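Engineer: What follows is a predicted protein model with its sequence.
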Amino acid sequence: MIGGFTRLLLFQGLGEVLSKFLLPFVPGPVLGLLLLLGWLSLRREVQQDLEMVSAAFSRHLGLLFVPAAVGVVMFMPQLREHAFAMGVALVASVLATVGASALLLRLLAPAADRHEP
Amino acid sequence: MSRELPRIAEIWVYLSGSPLAALILTLLAWQAGSWLYERSGRHPLANPVAIATLLAAAAITVLDMPYARYFEGAQFVHFLLGTATVSLAVPIHKGLVGLRGRVLPMLAALLGGGVVSMLTAVGIATALGAEPLLVGGLYGKSVTAPIAMGVAERIGASPTLTAVYAVTTGILGAALGRFVLDAVGARAWWQRGFALGVAAHGIGTSRAFSVNAEAGTYASLAMGLHGVLGALVIPWAARLLI
């Protein structure tokens, strides 16, 4: 578990350094993700401890959003004032996004791959 | 026997000055949210992130703790977002195996979905007269929150608002997605999962996993790819639109 965590931090650090000095328009963690992805495809297998840490992160990913999301208290007056506009925008947009993606997948999928499971 | 017990108020003043209070509060709120989510039979509307956020926000309001002080403690949790982003490489790597002829439709759905997400949200909110401060947070709302927040910082938008929109979008997508999927006739599990992952990132993904394993794998792949694509494209698109 600690081995996997250390590896993630190492790749995150590499990504941050790369973002700072070479590719300032991409966030460091995203570069870390891409580097790790490259490394995984070279090794062709995921070590068990990395797999464990990654699974733990996906299981509790939601916890990590809470500190930032609590900052919503600072935007309450503005959000209340524009609640209707923001509500409509968020609902309509997510429906349109699901619809557009699903439609593209359905229309472009190979013919043999369109059947019901 | 003469030693006086410290008064509750003193204990509180001491504790609330330490980062521990905010850290404990955050974790307790998350535990309560997870517990309620499980108790509701994993109902998409009983989202643990939303519950935990509401509880923690209510608590710091009642306790009169300024957000900056809360964050001093909560930053230890917040820091791990970057590490969690890196860990997304694992599901992407596993999802990329055995895609056969699905790569092209997936890339099209990713690009199409990403553009539709940004344009509809920003367009509708602007048309309905929302102020630019609030609209700025909408650019990354379909991207998984850890990446969306990094992107928000780069385009001068509020990471907090972006996180709030991302969580709201995730909940809406998880709750309403299946009606749209049925309406457009997407029946294959890989298509349903992928579309949900594009639109509703991590929350949509956990919803997809609870319905079908293949849908879940494709949803996490979509979430990861949309995160990478968003990080590359959104700063550029935002500069174009603003």
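Structural biologist: Right, received. Where do you want to start?

Engineer: Quick check: buried residues in the helix or strand of chain B with the lowest mean pLDDT?
Structural biologist: In chain B, the helix or strand scored least confidently by mean pLDDT, DSSP states H and E is helix B:8-16, which has a mean of 72. Of all the residues in helix B:8-16, those buried under the rule 16 or more other Cβ atoms under 10 Å in any protein chain shown are B:Ser16. Every residue, glycine included, has its C-beta placed from N, CA and C.

Engineer: can you list contacts of that helix?
Structural biologist: Residues from elsewhere that reach helix B:8-16, judged by Cβ atoms under 8 Å, 6 or more residues apart in numbering or on different chains: B:21, B:63, B:65, B:69.

Engineer: which residues touch the closest residue in space to B:Arg39 that isn't next to it in sequence?
Structural biologist: The shortest distance from B:Arg39 to any non-neighbouring residue, by Cβ to Cβ, 6 or more residues apart in numbering or on different chains, is to B:Ala46 (7.9 Å). Going by Cβ under 8 Å, 6+ apart, B:Ala46 touches B:36-37, B:39-40.

Engineer: Now the buried members of these.
Structural biologist: Applying 16+ other Cβ under 10 Å to the contacts of B:Ala46 flags B:36-37 as buried.

Engineer: Roughly how far does B:Ile11 sit from B:Leu119?
Structural biologist: 53 Å (Cβ to Cβ, to the nearest Å).

Engineer: wait, A:Leu34
Structural biologist: For A:Leu34, the distance to B:Leu119 equals 26 Å [Cβ to Cβ].

Engineer: remind me which residues of chain B are low pLDDT?
Structural biologist: Scanning chain B for pLDDT under 70 picks out the ranges B:1-6, B:242.

Engineer: How is it divided into domains?
Structural biologist: According to automatic domain parsing, chain B comprises the domains B:1-78, B:84-242.

Engineer: Give the other helices and strands that the top helix by length along chain B contacts.
Structural biologist: Longest helix of chain B, by residue count under DSSP state H: helix B:213-241. Helix B:213-241 sits against helix A:28-43, helix B:89-95, helix B:103-127, helix B:145-154, helix B:189-211, with contacts defined as 3 or more Cβ pairs under 8 Å, 6 or more residues apart in numbering or on different chains; DSSP states H and E.

Engineer: And the ones you listed: which comes nearest A:Ala68?
Structural biologist: Nearest to A:Ala68 among these is helix B:145-154 (6.2 Å), distances taken as Cβ to Cβ.

Engineer: which helices and strands does the next helix or strand after the closest one pack with?
Structural biologist: Moving toward the C-terminus from helix B:145-154, the next helix or strand (DSSP states H and E) is helix B:159-183. With contacts taken as 3+ Cβ pairs under 8 Å, 6+ apart, helix B:159-183 sits against helix A:61-69, helix A:83-108, helix B:48-62, helix B:132-136, helix B:145-154, helix B:189-211.

Engineer: which of those helices is buried the deepest?
Structural biologist: helix B:189-211 (a mean of 29; mean count of other Cβ atoms under 10 Å in any protein chain shown).

Engineer: So the residue nearest to B:Arg39, which state does it fall into?
Structural biologist: coil (DSSP: H, G, I helix; E, B strand; the rest coil).

Engineer: Am I right that B:Ala183 is in contact with A:Gly99?
Structural biologist: Yes: the pair B:Ala183 / A:Gly99 is scored as a contact, 7.2 Å apart, by Cβ atoms under 8 Å.

Engineer: Contacts only, for B:Ala125.
Structural biologist: Residues near B:Ala125 by Cβ under 8 Å, 6+ apart: A:82, A:85-86, A:88-89, B:134-135, B:138.

Engineer: can we see that at 7 Å?
Structural biologist: By Cβ atoms under 7 Å, 6 or more residues apart in numbering or on different chains, B:Ala125 lies in contact with A:85-86, A:89, B:134-135, B:138.

Engineer: Same question for B:Gly113.
Structural biologist: With the criterion set at Cβ under 7 Å, 6+ apart, B:Gly113 makes contact with A:97, A:100-101, B:198-199.

Engineer: Show me which of the residues you listed is closest to B:Val90.
Structural biologist: B:Val198 (19.3 Å).
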